[in-house]
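In: Return atomic coordinates for the entry below.
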Amino acid sequence: KKMQMDTDKTFLESYCRGDGPARFCQALLDNFQLEGGLERMTSSLSAGSAGSRRNKKVKILIGPTGANRASALKDAQVGEALERFTEDVEQLLRGYVQGDVLLFIPSESDEATYELWATEWLVSQGDLSVENVAPGLNGVPFAGMELSQALTRAARMADQASSCHLQGFCREFEDLVGGQIDQSYLTSIFNQAAAAGDLGSDLAEISLISEVMRTSPATMRALIKNRLFNGTLSAGGGSCQITVKPEHSERKPKAKGGGDALLSQSATMRNSEFFSIPIGNKTPLTGDALFPRNEPMTRELILAWRARIRDQIEAAELPHKLEGNLRGVYIGISAVFYAADLAGCSQTLLPKGTFVAKLEQKIEALLANPPPPTEKDGKQVYDHRAFSNLTLVAEVVRRVMSDTAWIVCKRNWKAAPIVLTEGQELPKYVATWTLGFYLNQAA
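Out: Model (predicted):
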């Protein structure tokens, strides 16, 4: 469960002062269903009681990121306050959890790499929907171009132009083998295509093979996992991050028989690239705020925010691949997911153009019917977070992704763990850097 803070307060102001550590610990106990209450923790802090140690020893890592990370690294007083907060939390939890509470500040690059690691694992093991996907640019179906190129290579093995043999088909797609996909599954795909054509049982038209593959959810998930998934897009209060996997030809091939998936994934993570754009969805809301809190949103303010985003992207001097050249499938997480969710287009594979259009439509809808103001300290206050985030995500995606690329924004997943007992429901996971950190430690 995500903890909420006032939009005009930092984590330091919300939880590192007064009864903040106790409230933080209570939320920790509630979320992890541990016994205890606020009063006992408060008395533990004042008395210094060690309390009872009922549970298995654990490590709890407190990892500030975004603006909190920047403040901690830049300002010694903020860093000291976070260290005191960590000590208070450890003391408060002594009666409930046997373990250590540690302050861990991941670098921006590490955070993005862990996010990619988590998403890579969830794409591999999770419940990504690949059915009823709308066509992309110029009506080309999802993965249509990639399948056409791969099947053309398979046809050349048999000196054919528009058809291929089973052996060539299985050799071309041997990297998909794993999980639900095995050689017999690939053979069944080929046989279905051959039966639908008139070339006999030894040859199948590549157009028919492509059609059968695209109607098989297991095959499409394997294709995304092994070939099409190229990285993540994320955004936060102070910056946007793009993490890009190595080109398909540069990725470490899977070991025969499957190998260790986490170790293979580790090699991919080490060779991935990370890029950051130093502007976030809190930029127009804090400091010298572009969006005044006492005034409603206007089209002119949105245009000014777009101009600032574009200027910042230009100043970032992004490499060529981020100048509208990111291809394949990208997963939108963190604030990119929240923008898609607000626009009603999360959980679904969408072409870049359709995705951006849905975000723009939501901005227009909010301008036409804006959220009403609330009252704070006797004054009317407007919440402009939705405008800020929708505009930021639309501009970044429009700039960095190719028109032929696809994006799916997904935060909550169901995925198969390393060990799944009979009758057990698939656990739920959240695509965050903390999951990636755990997977990294498990590799």
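In: So Gly66 versus Ala235, what's the distance?
Out: According to C-beta to C-beta, to the nearest Å, Gly66 and Ala235 sit 10 Å apart. Bear in mind the C-beta positions are built from the backbone N, C-alpha and C, glycine included.
In: the more surrounded of the two?
Out: Under the criterion of other C-beta atoms under 10 Å, the comparison of Gly66 against Ala235 puts Ala235 first, with 27 against 18.
In: Which residues are in contact with that one?
Out: The contact partners of Ala235, taken as C-beta atoms under 8 Å, 6 or more residues apart in numbering, are 241, 280-281, 334-336, 339, 389, 392-393, 396.
In: Now tabulate the residues you listed in TSV and tack on pLDDT.
Out: Shown next, in TSV, are these (pLDDT from 0 to 100):
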residue	pLDDT
Gln241	92
Gly280	93
Asn281	94
Ser334	92
Ala335	95
Val336	97
Ala339	98
Asn389	98
Leu392	98
Val393	98
Val396	98
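In: So which of these sit within helices?
Out: The helices, defined by DSSP state H, take in 334-336, 339, 389, 392-393, 396 from the contacts of Ala235.
In: Turn those into TSV, including neighbour count and distance to Met213.
Out: Formatted as TSV, the ones in helices among the contacts of Ala235 follow (neighbours: other C-beta atoms under 10 Å; distance: C-beta to C-beta, whole Å):
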residue	neighbour count	distance to Met213
Ser334	23	32
Ala335	23	34
Val336	29	29
Ala339	30	32
Asn389	23	36
Leu392	28	36
Val393	29	31
Val396	26	32
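In: Find the least confident helix or strand in the protein, judged by mean pLDDT.
Out: Counting by mean pLDDT, DSSP states H and E, the chain has its least confident helix or strand at helix 38-47, which shows a mean of 47.
In: Leu301 contacts Phe291, correct?
Out: Yes - between Leu301 and Phe291 there is a contact under C-beta atoms under 8 Å: 5.9 Å.
In: Now do the shared contacts for these two.
Out: Shared contacts of Leu301 and Phe291, defined by C-beta under 8 Å, 6+ apart, are found at Phe387.
In: got the phi/psi numbers for the residue lying closest to Leu61 once chain neighbours are set aside?
Out: If you skip the residues right next to it in sequence, Leu61 has Phe104 as its closest partner in space, 4.4 Å away by C-beta to C-beta, 6 or more residues apart in numbering. Dihedral pair for Phe104: phi -130, psi 120, per degrees, to the nearest 10.
In: Could you pull up the residues touching Phe104?
Out: 61-63.
In: Next one: it relative to Glu83, how far apart?
Out: 12 Å.
In: how close does the residue nearest to Ala316 when sequence neighbours are not counted sit to Ile313?
Out: Excluding the flanking residues, the one nearest Ala316 by C-beta to C-beta, 6+ apart is Ile277, at 5.1 Å. Remark: distance between Ile277 and Ile313 (C-beta to C-beta) = 6 Å.
In: What's the per-residue pLDDT of the most centrally placed residue in the chain here?
Out: By C-alpha atoms, centre = their mean, the chain has its centre lying nearest to Ile333, at 3.0 Å. We note a pLDDT of 93 for Ile333 in this prediction.
In: Phi and psi next, for it.
Out: Per degrees, to the nearest 10, the backbone of Ile333 is at phi -130, psi -180.
In: export stretch 145-155 as PDB, just CAs?
Out: Taking Å, rounded to 0.1, in the frame of the first residue of the first chain, the C-alpha atoms of stretch 145-155 are listed here in PDB:
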ATOM      1  CA  MET A 145       6.800  -6.200 -39.000                       C
ATOM      2  CA  GLU A 146       9.100  -8.100 -36.700                       C
ATOM      3  CA  LEU A 147       7.300 -11.400 -37.500                       C
ATOM      4  CA  SER A 148       7.500 -10.700 -41.200                       C
ATOM      5  CA  GLN A 149      11.300 -10.100 -41.000                       C
ATOM      6  CA  ALA A 150      11.900 -13.200 -38.900                       C
ATOM      7  CA  LEU A 151       9.800 -15.500 -41.100                       C
ATOM      8  CA  THR A 152      11.400 -14.100 -44.200                       C
ATOM      9  CA  ARG A 153      14.800 -15.200 -42.700                       C
ATOM     10  CA  ALA A 154      13.300 -18.700 -42.100                       C
ATOM     11  CA  ALA A 155      12.000 -18.900 -45.700                       C
END
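In: Residues touching that stretch, excluding its own?
Out: 161-164, 168-169, 171-173, 206, 209-210, 213-214, 223, 227-228, 404.
In: In helices only, show me the residues you listed.
Out: 168-169, 171-172, 206, 209-210, 213-214, 223.
In: Could you list which residues are in contact with Ile277?
Out: Ile277 neighbours (C-beta under 8 Å, 6+ apart): 239-242, 312-313, 316, 318, 396.
In: Tell me the backbone dihedrals of it, please.
Out: The phi/psi pair for Ile277 (degrees, to the nearest 10) reads phi -110, psi 120.
In: Tell me the confidence at it?
Out: Confidence score, pLDDT, at Ile277: 93.
In: what bridges to it?
Out: Beta-bridge pairing of Ile277 under DSSP bridges involves Cys240.
In: if we can go back for a sec, going by distance to Ala307, which of the contacts of Ala235 wins?
Out: Distance to Ala307, by C-beta to C-beta, is smallest for Leu392 among those, at 12.5 Å.
In: just checking, that closest one touches Gly280?
Out: Yes - judged on C-beta under 8 Å, Leu392 makes contact with Gly280 at a distance of 7.2 Å.
In: any common contacting residues for those two?
Out: Here Leu392 and Gly280 share the contacting residues 235, 240, 335, scored by C-beta under 8 Å, 6+ apart.
In: residues touching the last one, list them.
Out: With contacts defined as C-beta under 8 Å, 6+ apart, Ala335 is in contact with 234-236, 280-281, 389, 392-393.
In: so where is the stretch 301-443 of the chain shaky, pLDDT-wise?
Out: Per-residue confidence for the stretch 301-443 of the chain (pLDDT under 70) gives these ranges: 417-424.
In: all helices of it, in order?
Out: Along the stretch 301-443 of the chain, counting by DSSP state H, counting those that start in this stretch, helices occupy 334-342, 352-368, 385-400, 433-442.
In: that older thread, return every residue with contacts to both of Ile277 and Ile313.
Out: With C-beta under 8 Å, 6+ apart as the test, Ile277 and Ile313 both reach Val396.
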